[in-house]
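Q: need a 3D model of the sequence below.
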Amino acid sequence: MDKPIRNTARSLFVVKEKVFITPHYIRITFKMSDEQVNLFQNMRSGNNNKIYIPSETAMYCNDYEESIWNSDFFIAMRTYTTRNIDLINKTLQIDFVAHGDNGPASKWAGNAKSGDFLGIAMKESQKPLVPSAKNYFIVGDSTAIPVISVILESLTSTSNVMLLLEVSSYRDVFVLNTKAHLNVKWIYNPSPLDGSKLAEECIALFAKEKQQYVFAAAEFETIRTIRKYLKEELQLERDRYYAVSYWKRGSSEEESNQERQEQRME
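A: This is a model prediction of the structure:
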């Protein structure tokens, strides 16, 4: 039987507001027109999206509808998480890790202001981010904070969560909203491009926690180590965990895409 084709929506969104949640964590809120509300009505917070970053010359283009998906209009495409989509208040939010001009998405977010625009595309998905469970062990670096935040907000007061999060410094710690019983351990790593101890810390905690479901999202090598431990040492069944890499040190999204896709199939 053929797999059903998920509907895809894409549009040009205008920046409404930009807020630094922490020194290295930016939240950008976009306006939604009535047409966009209708177009994106079946999209969900926490799902992946594709952002299309406009070139500097595109800022002066007046014929948006004819031009926005032209390859000359956008300089890069990146995968991000839809932090929140609010069809009532007609807003969409995407959070960015701020690391200067090191990458087109970070550069765009750092310079973004009210009135700027971004191309955004999403696919419909009704699959929950995590299955129903009593105990969760969640691990992530800064790039995973948006999806982890949505997961935490979806849990009930009957859930228990052990959360391990890596951020740049103590200044990047902030309050996470959830009804679940949450225990958070923050790890500080000012230079994630030089390596991470997240996998090491994660494995050390696994020995103490009786996790029911594991969710891990971080850098490629970190996830490789965690995934190997879950499969070979803990011998968890595949439906007991989800481990995904969002980026790879030393590689762009385009360069690492195939390796990261293969990793998901392991």
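Q: now the strands for the stretch 101-250 of the chain?
A: Along the stretch 101-250 of the chain, counting by DSSP state E, counting those that start in this stretch, strands occupy 117-123, 135-140, 160-167, 181-188, 213-219, 241-247.
Q: could you dump those strands to CSV with mean pLDDT, mean neighbour count and distance to N7?
A: Glycine gets a C-beta too; all of them are placed from N, C-alpha and C. As requested, these are exported to CSV (pLDDT from 0 to 100; neighbours: other CB atoms under 10 Å; distance: least, CB to CB, whole Å):
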stretch, mean pLDDT, mean neighbour count, distance to N7
strand 117-123, 93, 20, 7
strand 135-140, 96, 24, 29
strand 160-167, 96, 22, 32
strand 181-188, 97, 14, 34
strand 213-219, 96, 24, 25
strand 241-247, 94, 21, 23
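Q: nearest to I26, of those?
A: With respect to I26, and counting by CB to CB, the nearest of these is strand 117-123 at 12.7 Å.
Q: note down every partner strand of that closest one and its orientation.
A: When pairing is defined by DSSP bridges, strand 117-123 lines up against strand 8-22 (antiparallel), strand 48-54 (antiparallel).
Q: just the residues contacting that strand, thanks.
A: 6-15, 28, 30, 40, 43, 47-54, 64, 68-69, 74, 82, 92, 94, 108, 112 (CB atoms under 8 Å, 6 or more residues apart in numbering).
Q: filter those residues to the buried ones?
A: With burial judged by 16 or more other CB atoms under 10 Å, the buried subset of those is 9-13, 15, 28, 30, 40, 43, 47, 49, 51-54, 68, 74, 82, 92, 94, 108, 112.
Q: what's the nearest residue to A218 once chain neighbours are set aside in contact with, if anything?
A: Spatial nearest neighbour of A218, excluding adjacent residues (CB to CB, 6 or more residues apart in numbering): D141 at 4.2 Å. With contacts taken as CB under 8 Å, 6+ apart, D141 has the following neighbours: 165-167, 189, 192, 196, 198, 217-219, 222, 246.
Q: got the phi/psi numbers for D141?
A: phi -100, psi -170 (degrees, to the nearest 10).
Q: go ahead and confirm Q36 touches R10.
A: No - counting by CB atoms under 8 Å, Q36 stays clear of R10, with 10.1 Å between them.
Q: ok, E253 to Y80 distance?
A: When CB to CB, to the nearest Å is the yardstick, E253 and Y80 sit 10 Å from each other.
Q: next: I145.
A: Using CB to CB, I145 is found at 12 Å from Y80.
Q: try G115
A: Here the criterion is CB to CB. By it, G115 lies 20 Å from Y80.
Q: now stretch 118-127 - C-alpha only, PDB.
A: Only the C-alpha atoms of stretch 118-127 are listed here, as PDB (Å, rounded to 0.1, in the frame of the first residue of the first chain):
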ATOM      1  CA  LEU A 118      11.500  34.600   6.100                       C
ATOM      2  CA  GLY A 119      10.200  31.800   3.900                       C
ATOM      3  CA  ILE A 120       8.800  28.900   5.900                       C
ATOM      4  CA  ALA A 121       7.500  25.500   4.800                       C
ATOM      5  CA  MET A 122       5.900  22.700   6.800                       C
ATOM      6  CA  LYS A 123       4.300  19.300   6.400                       C
ATOM      7  CA  GLU A 124       1.300  18.000   8.200                       C
ATOM      8  CA  SER A 125       1.900  15.500  10.900                       C
ATOM      9  CA  GLN A 126      -0.400  14.000  13.500                       C
ATOM     10  CA  LYS A 127       2.300  11.800  15.100                       C
END
